[in-house]
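>>> sharing a sequence plus its predicted fold:
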Amino acid sequence: MFRIGQGFDVHQLTEGRPLIIGGIEIPYEKGLLGHSDADVLLHTVADACLGAIGEGDIGRHFPDTDPAFKDADSAKLMEHVWGIVKEKGYKLVNADCTIIAQKPKMAPYIEQIRDRVAELLEASAEQVNIKATTTEKLGFTGRGEGIAAQVALLLQKA
Ligand SMILES: Nc1ccn([C@@H]2O[C@H](COP(=O)(O)O)[C@@H](O)[C@H]2O)c(=O)n1
Ligand SMILES: C[C@@]1(CO)OP(=O)(O)OP(=O)(O)OC[C@H]1O
């Protein structure tokens, strides 16, 4: 059986925080704000996984009112989510991810991010695609106020 999932998330850019996307720290003058480390891409991948298996969203599993998740490493949250996916007997077919950011330029980090996301999904690099786009200076992403991510993925019962 196949199950499709999709995810979308946004985090605000602010000074004084590291920029972590897809588990990789990216050199930039600002970072993303959140209760956790605010890794917008891993949150989106986690939401897509939870959506695919009908398990709600990351806010349900890791409430942002719970001090346990303050500055949490989103890779750990992702590992927990992937554990639930595996318990239900699914494996990844493929994941297609888009990072929506006016800046910084993501191209130099795309491979590293793909490899880390693939590792977290216990998949090969070929099963994961990472894209980046600006919004041509339009909207909150275009003004550099935040970064968004979108993911579509397919799971298959192993
Ligand atoms: N933060 C970003 C945004 C885009 N890229 C790369 O540039 C290409 C062109 O972007 P447009 O928004 O003008 O379509 C895009 O396809 C990415 O390869 C990037 O590296 N980092
Ligand atoms: C990751 C969690 C953890 O408390 O917090 P945030 O970093 O604020 O991220 P968000 O995507 O706004 O909400 C999901 C929460 O589960």
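It's in. Ligands and ions are numbered 1, 2, ... in the order given.

>>> for the closest residue to residue 105 other than its chain neighbours, what are its contacts?
Closest residue to residue 105 apart from its sequence neighbours, by C-beta to C-beta, 6 or more residues apart in numbering: residue 132 at 8.0 Å. No exception for glycine: its C-beta is placed from N, CA and C like everyone else's. Counting by C-beta atoms under 8 Å, 6 or more residues apart in numbering, residue 132 touches 98, 99, 100, 101, 105, 106, 107, 110.

>>> helix, strand or coil for the residue of the chain found nearest ligand 2?
Nearest residue of the chain to ligand 2, counting by C-beta to the nearest ligand atom: residue 34, 2.8 Å away. Following DSSP: H, G, I helix; E, B strand; the rest coil, residue 34 is assigned to coil.

>>> so the closest residue to it other than its chain neighbours bridges to which residues?
Distances taken as C-beta to C-beta, 6+ apart place residue 11 nearest to residue 34, at 5.3 Å, with adjacent residues excluded. Taking DSSP bridges as the rule, residue 11 bridges to residue 147.
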